[in-house]
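In: Let me see the structure of the following:
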Amino acid sequence: MPTSPTQIKSAPVYDTKSLVVESEYAGAHLTWPLAAGGVVDLLESFKDGHLLHPKYVLELCENANEIFDAEETVRDIPLAETDTITIVGDLHGQLSDLLSIFKLNAIPGPGNFYLFNGDFVDRGERGSTAYGTVRYARTFAPRC
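Out: Next up, the predicted model:
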């Protein structure tokens, strides 16, 4: 039994390499490491109403957990004068709002930081998709 929260780490639940993406799957196909084009493809796929294949959901969770497990709960975000930061508060699971924010301010990346201020999946029809999108963006751009 762990004696402190720092001893608790995420563990993979499935062997994602053994999961097969069916040929009829019409959603986004993710590859690792992620590239900016993959983020755009994912967002377009979500806008078109496609769900993410379970294999990719599990891979996304595993990759994001590696990042989250390695960092503190509260962290500094050092910014250069030329960097931008977008503070997003209370998405409430509204995927369309998140997609609009990314369209207006670009996806997270070097020099383009985001701070999500809670309540991003507490309700909303596409809350899990909004949450997955935030995790995906964080996996693509870990410093952002």
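
In: Can you list the residue ranges for helices in this structure?
Out: Assigned by DSSP state H, the chain shows helices spanning 36-47, 54-69, 95-105, 127-140.

In: got TSV for those, with distance to L79 and mean pLDDT too?
Out: From N, CA and C alone the C-beta is placed, and that goes for glycine too. Output for the helices of the chain, formatted as TSV (distance: least, Cβ to Cβ, whole Å; pLDDT from 0 to 100):
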stretch	distance to L79	mean pLDDT
helix 36-47	20	82
helix 54-69	19	86
helix 95-105	15	89
helix 127-140	17	80
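
In: Quick one, which of the ones you listed gets closest to V88.
Out: Of all the helices of the chain, helix 95-105 sits nearest to V88, with 6.0 Å by Cβ to Cβ.

In: who does that closest one touch, helix- and strand-wise?
Out: If you count contacts as 3 or more Cβ pairs under 8 Å, 6 or more residues apart in numbering; DSSP states H and E, helix 95-105 packs onto helix 36-47, strand 84-89, helix 127-140.
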